[in-house]
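Participant: I'd like to go over a predicted model; first the sequence, then the structure.
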Amino acid sequence: MARVPVEPGPVFRICFVCTGNICRSPMAEAVFRRLITAGGYESRLEVSSAATGDWHVGERADARTIAALATRGYDATGHRARQFDPAWFAALDLVVVFDRGQERTLREWAGDEHAGAKVQMLLSFDESSASAEVPDPYYSDAVLFDSVLATIERASVALFRQLEPVLRQGVS
């Protein structure tokens, strides 16, 4: 992907949210960080991740997440899980979730229609996806982790392609 010169402008902020912030959302964050860097949008696009639950707060990403990412050249060794705070809605432009349960939870936490509209399912950006949800690989094996990562990569690229024209124009 060629780096595009980007004029200074508003920062667009995305938070990927899954259940524990140790599998799917750290994968998406790592993938999106690479897309941001490759596109030269470090000053225009910020990405983070969080969980709906608090049981893994402070922990590293699941070892299978780290391994799956590493096989594709991503580094998530510095990741530490955290829980989403509804106060973050004010500063975020997009909150991306992986399944309907997370979507319901985040929309409830949003408090109003404007904030709730920021919550979107990741696979809604990937027209080639036959599913609406990204499966949780936590109770499975490395094969599902690799499959989930491939799904997240495709959908993240699709999302990034939708954001890129706006980023180039300097409008958020």
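Facilitator: That came in fine, so what should we check first? Numbering: from 1, shown residues only.
Participant: and the least confident helix or strand in the chain by mean pLDDT, what other elements does it pack with?
Facilitator: When each helix and strand of the chain is scored by mean pLDDT, DSSP states H and E, helix 142-169 comes last, with a mean of 94. In terms of contacts (3 or more CB pairs under 8 Å, 6 or more residues apart in numbering; DSSP states H and E), helix 142-169 is packed against strand 12-18, helix 24-39, helix 63-71. Glycine gets a C-beta too; all of them are placed from N, C-alpha and C.
Participant: Could you count how many residues lie near Arg107?
Facilitator: 17 (other CB atoms under 10 Å).
Participant: contacting residues around the residue nearest to it when sequence neighbours are not counted?
Facilitator: Nearest non-adjacent residue to Arg107, counting by CB to CB, 6 or more residues apart in numbering: Gly116, 4.4 Å away. Gly116 sits next to 106-107, 110 when contact means CB atoms under 8 Å, 6 or more residues apart in numbering.
Participant: Swap in 10 Å and give it another go.
Facilitator: The contact partners of Gly116, by CB atoms under 10 Å, 6 or more residues apart in numbering, come to 89, 95, 103, 106-110.
Participant: related to what we said a few turns ago, how far off centre is the least confident helix or strand of the chain?
Facilitator: Relative to its chain's centre, helix 142-169 lies at 9 Å (CA atoms, centre = their mean, to the nearest Å).
Participant: Quick one: low-confidence residue ranges for this protein.
Facilitator: Low-confidence segments of the chain (pLDDT under 70): 1-9, 170-172.
Participant: rerun that using 50 as the cut-off
Facilitator: Within the chain, the stretches with pLDDT under 50 are 1-7, 171-172.
Participant: list the contacts for Trp109?
Facilitator: Trp109 neighbours (CB under 10 Å, 6+ apart): 17, 52, 84-89, 95, 115-116, 119.
Participant: try 7 Å this time
Facilitator: By CB atoms under 7 Å, 6 or more residues apart in numbering, the contact set of Trp109 is Pro86.
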